[in-house]
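Participant: Sharing a model prediction with you, sequence too.
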Amino acid sequence: MSHLKLFAAMVQWHGIKTLRKPGIARRVLFHGQRYVSSGTSEPFLSGSNSNYVEEMYYAWLENPQSVHKSWDLFFRNANAGQTYDPHLADQLERKASFLQSHGLAQTPGKAEKLVEDHLAVQSLIRAYQIRGHHVAQLDPLGILDADLDSFVPSDLITTIDKLGFYGLHESDLDKVFQLPTTTFIGGNENSLSLREIIKRLENTYCQQIGLEFMFINDVEQCQWIRQKFETPGVMKFTNEEKRTLLARLVRSMRFEDFLARKWSSEKRFGLEGCEVMIPALKTIIDKSSEMGIEYVIMGMPHRGRLNVLANVIRKELEQIFCQFDPKLEAADEGSGDVKYHLGMYHERINRATNKKITLSLMANPSHLEAVDPVVQGKTKAEQFYRGDTAGKKVMSILLHGDAAFAGQGVVYETFHLSDLPSYTTNGTIHVVVNNQIGFTTDPRMARSSPYPTDVARVVNAPIFHVNADDPEAVMYVCSVAAEWRNTFNKDVVVDLVCYRRRGHNEMDEPMFTQPLMYKQIHKQVPVLKKYADKLIADGTVTLQEFEEEIAKYDRICEEAYTRSKDNKILHIKHWLDSPWPGFFNVDGEPKSMSCPPTGISEDLLTHIGNVASSVPVKDFKIHAGLSRILRARLEMTKNRVVDWALAEYMAFGSFLKEGIHVRLSGQDVERGTFSHRHHVLHDQEVDKRTCVPMNHLWEQQAPYTVCNSSLSEYGVLGSRAFISQA
């Protein structure tokens with residue numbers, strides 16, 4: 001017997017009865033359950049409505065999740081013989097009323113059309129969630145497509161005639177459709193007209209923010225993102241927040257203007273065209289501090305580094321300005337580096353949260369993305385020494401240029417370390433300064449992928465593209481990115497689609513190679529003026545207040561410039577990205593260092609050798625071949641002889657005795673390439689049960705970490721080599 005026949009038999013068996021009494025509404029009895037319907041219409045489970053119920057039942061049999069949860073509950077109760085549920089009755093009554101209000105209780109064909117139209121609307125909503133970013137207005141210049149493709153997906157309703165793709169027509173625009181659970185565009189409403197559905201989807205997915213997240217295979221994470229961006233009115237700012245944003249934009253832009261006035265012929269790799277990056281970073285730090293982060297470690301390339309040092313890290317301006325003095329002499333050994341490669345470490349109070357925050361900007365050479373694994377290594381070390389196994393106190397932020405992010409392999413290597421148990425830093429926030437050009441190379445010649453950020457898709461990191469000339473959109477995206485990282489402990493990418501007002505550096509002429517782009521850039525109104533005009537127009541600030549904010553920061557810069565003339569000597573201690581208290585005193589001066597004796601007693605060596613030759617865990621079965629290796633190791637210890645593996649064991653063990661954490665990582669290091677090390681033993685009968693004898697040397701010892709790495713060389717080297725910089 002077919003499923004539908006079974007259902008019909010079930011209905012007949014339990015009984016469908018209609019009570020017809022004057023003044024009493026009809027009640028349909030289904031195994032003792034009562035569902036109220038209109039007194040003038042046919043019973044809910046008889047007539048044409050039964051066709052609709054049968055369709056729902058058939059779909060439910062195929063997949064219970066394909067129907068609304070009320071239908072799911074209804075069919076489950078019917079099958080199980082449950083008793084009357086008034087809440088369920090009310091839900092089903094509303095469904096019956098919905099059918100009748102649309103005139104669909106007349107014929108099976110109309111009920112079928114209702115189902116088809118609702119499925120079409122669900123497909124339309126999903127299309128915007130997946131591909132809306134392709135038509136988002138991301139380029140501040142209005143001349144490029146951020147995804148390098150002018151094609152408009154056919155399933156996005158950019159014109160009325162495209163409704164036909166879904167079997168819908170212009171006459172359907174004012175029909176009301178029930179919203180699926182996979183969207184939040186309704187807010188508190190469960191149904192909207194098709195016209196309103198399209199309008200809200202366009203406002204969410206096709207304006208100044210482009211969202212890529214539907215490739216994520218975790219439903220909870222997708223729902224979280226949908227709610228953050230689809231909920232009506234979610235992107236609202238108070239007047240105080242707008243004023244703070246304006247003040248941060250003033251500092252960002254006037255800093256660059258000041259440098260341009262004072263040192264017009266100097267390279268500084270300014271931030272002009274993406275001044276919004278400064279308030280963006282500060283928003284990420286503010287939100288992260290609010291969620292409990294105490295230490296933020298950052299890495300970035302040249303562009304905007306001086307501005308970040310000045311307005312995010314809060315380095316003294318005079319120490320930055322004196323770097324432009326060619327007569328500045330170094331007080332320490334070494335040749336130093338150019339000012340836009342230098343780093344900084346600073347502890348201060350976060351004004352937004354009134355909590356202490358430590359910020360470290362790592363030094364970086366001209367190899368733009370080389371700093372990525374270095375930052376991850378330092379972050380991992382800080383988390384380890386603070387006992388921050390979940391990444392709730394220490395986090396990393398990486399800034400990238402669009403061409404380097406797409407082109408340099410170490411970016412991919414670093415992403416693939418992001419979720420490995422021994423390498424993860426529990427989520428990194430990546431901010432891409434998308435100039436839409438790489439030095440002189442157009443994006444179409446620089447990458448094969450639609451976006452420079454596509455490499456992040458390999459680890460299911462959501463990607464938020466945003467027009468950098470919309471400061472409020474940028475701030476909201478950055479706030480959500482910080483919340484995402486601290487909620488799910490996963491990487492996230494913020495793509496600031498901007499432009500580069502000058503050439504690759506201030507001495508370069510971009511008109512040689514991008515004449516049309518730079519003609520438009522020369523006409524472009526700076527983002528500070530755009531936003532100030534908007535706030536003045538709506539009364540959030542006055543023109544006088546805006547001008548006073550500019551004058552205030554200009555005065556700060558001038559006073560710092562005057563003080564910088566007194567600095568004749570460069571002190572390296574002012575440019576350390578880690579304090580290293582074991583090497584430098586509180587004033588940053590090197591401590592006098594002496595080499596202590598490094599010898600250890602024979603008894604200690606013997607003890608280490610004996611543990612290295614044993615299995616210090618009970619009921620742990622090792623491989624027979626490994627038993628021979630351990631017996632040979634014990635024999636060497638008795639004979640006071642060592643091979644490479646045993647010597648390594650003794651050296652590491654002596655560090656652990658002194659409380660020094662030892663970390664060994666790389667390809668196949670747990671066993672050793674030549675099957676010589678065997679620092680991790682594997683139980684031959686219990687899957688994934690392991691033993692590390694080195695962690696059983698003494699009750700009070702430092703931990704020993706040994707871990708195989710991904711088949712990466714550059715990335716792992718950077719991560720491990722600089723873990724010591726914590």
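Facilitator: Done, it's in. Numbers count the residues shown, from 1 in each chain.
Participant: can we go C-alpha only for contacts and neighbour counts from here?
Facilitator: OK.
Participant: so residue 183 makes contact with residue 226?
Facilitator: Yes: applying CA atoms under 8 Å as the test, residue 183 and residue 226 come out as touching, 6.6 Å apart.
Participant: Any idea how many residues pack against the closest residue in space to residue 689 that isn't next to it in sequence?
Facilitator: Excluding the flanking residues, the one nearest residue 689 by CA to CA, 6 or more residues apart in numbering is residue 683, at 5.6 Å. Residues within reach of residue 683, counting by other CA atoms under 10 Å, total 15.
Participant: which regions of this structure lie under the pLDDT threshold?
Facilitator: Within the chain, the ranges that satisfy pLDDT under 70 run 1-55, 70, 78-109, 326-341, 568-574, 584, 586-590, 593, 722, 724-726.
Participant: what's the residue most central in space within it sitting at in phi/psi?
Facilitator: Centroid-nearest residue in the chain: residue 492, 1.4 Å away (criterion: CA atoms, centre = their mean). Per-residue torsions, residue 492: phi -150, psi 150 (degrees, to the nearest 10).
Participant: for it, what are its contacts?
Facilitator: 427, 428, 429, 430, 461, 462, 463, 481, 484, 485 (CA atoms under 8 Å, 6 or more residues apart in numbering).
Participant: mind redoing it with 7 Å?
Facilitator: 428, 429, 430, 461, 462, 463, 481, 485 (CA atoms under 7 Å, 6 or more residues apart in numbering).
Participant: Of those residues, which is the nearest to residue 655?
Facilitator: Nearest to residue 655, judged by CA to CA, of the contacts of residue 492 is residue 428 at 31.6 Å.
Participant: what's the burial count for that closest one?
Facilitator: Using other CA under 10 Å, residue 428 has 28 neighbouring residues.
Participant: Likewise for residue 204?
Facilitator: 24.
Participant: check contacts around it.
Facilitator: Per CA under 7 Å, 6+ apart, neighbours of residue 204: 229, 230.
Participant: OK, contacts around residue 385?
Facilitator: Contacts of residue 385 (CA under 7 Å, 6+ apart): none.
Participant: can you check residue 435 too?
Facilitator: By CA under 7 Å, 6+ apart, the neighbours of residue 435 are 402, 497, 498, 499, 500.
Participant: Look up how far residue 525 lies from the fourth one.
Facilitator: To tie it back to what came earlier, the one meant is residue 499. 12 Å (CA to CA, to the nearest Å).
Participant: Same drill for these two, tell me which one is more crowded.
Facilitator: The neighbour count for residue 499 versus residue 525, taken as other CA under 10 Å, is higher for residue 499 (24 against 12).
Participant: Pretty sure that one sits in a helix.
Facilitator: No: read with DSSP: H, G, I helix; E, B strand; the rest coil, residue 499 is coil and lies in no helix.
Participant: Apart from its neighbours in sequence, what residue is nearest it?
Facilitator: residue 435 (4.4 Å).
Participant: So the one you found versus residue 244, what's the distance?
Facilitator: Residue 435 is 25 Å from residue 244, by CA to CA.
Participant: do residue 605 as well
Facilitator: 62 Å.
Participant: Bridging across strands, which residues link to the residue nearest to the centre of the chain?
Facilitator: For residue 492, the beta-bridge partners under DSSP bridges are residue 429.
Participant: What of the one 5 residues further on?
Facilitator: Beta-bridge partners recorded for residue 497 (DSSP bridges): residue 434, residue 467.
Participant: Tally up the residues packed near it, please.
Facilitator: Residue 497 has 26 neighbours, counted by other CA under 10 Å.
Participant: who's in contact with it?
Facilitator: Per CA under 7 Å, 6+ apart, neighbours of residue 497: 138, 139, 433, 434, 435, 465, 466, 467, 468.
Participant: of the residues you listed, buried ones?
Facilitator: Neighbour-count burial (16 or more other CA atoms under 10 Å) applied to the contacts of residue 497 gives 138, 139, 433, 434, 435, 465, 466, 467, 468.
Participant: Can I get the residues you listed in CSV including distance to residue 620?
Facilitator: Output for these, formatted as CSV (distance: CA to CA, whole Å):
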residue, distance to residue 620
138, 59
139, 61
433, 53
434, 54
435, 58
465, 52
466, 55
467, 58
468, 59
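Participant: Need phi/psi at residue 350.
Facilitator: According to degrees, to the nearest 10, residue 350 has phi -80, psi 120.
Participant: Please read the previous query as pertaining to residue 413.
Facilitator: Per degrees, to the nearest 10, the backbone of residue 413 is at phi -60, psi -40.
Participant: Isn't it up against residue 712?
Facilitator: Yes: contact criterion CA atoms under 7 Å: residue 413 and residue 712 qualify, at 6.4 Å.
Participant: Same drill for these two, tell me which one is more crowded.
Facilitator: The neighbour count for residue 413 versus residue 712, taken as other CA under 10 Å, is higher for residue 413 (19 against 16).
Participant: what about residue 112, which helix or strand?
Facilitator: Using DSSP states H and E, residue 112 sits within helix 108-131.
Participant: Give me the distance from the next helix-or-strand element following that helix to the chain's centre.
Facilitator: Later in the chain than helix 108-131, the nearest helix or strand by DSSP H and E is strand 176-178. Mean-position distance between strand 176-178 and its chain equals 34 Å (CA atoms, centre = their mean, to the nearest Å).
Participant: Stretch 343-356 now?
Facilitator: 22 Å.
Participant: What separates the first and last residues of it, distance-wise?
Facilitator: Distance between the two ends of stretch 343-356: 20 Å, counting by CA to CA.
Participant: And it, what's buried?
Facilitator: 343, 344, 345, 346, 350.
Participant: Distance check, the fourth one against residue 598.
Facilitator: Using CA to CA, one gets 35 Å for the distance from residue 346 to residue 598.
Participant: The residue nearest to the centre of the chain and residue 598: what is the separation?
Facilitator: Per CA to CA, residue 492 is found 46 Å from residue 598.
Participant: how many other residues sit next to residue 671?
Facilitator: So residue 671, with other CA under 10 Å, has 17 neighbours.
Participant: Just the element for it, please.
Facilitator: Here residue 671 is covered by no helix or strand, with elements defined by DSSP H and E.
Participant: Tell me how many other residues crowd the closest residue to it other than its chain neighbours.
Facilitator: Take residue 671 and drop its neighbours on the chain: the residue closest to it by CA to CA, 6+ apart is residue 678, 4.2 Å away. Neighbours of residue 678 under the rule other CA under 10 Å: 20.
Participant: Perfect, I'm done here.
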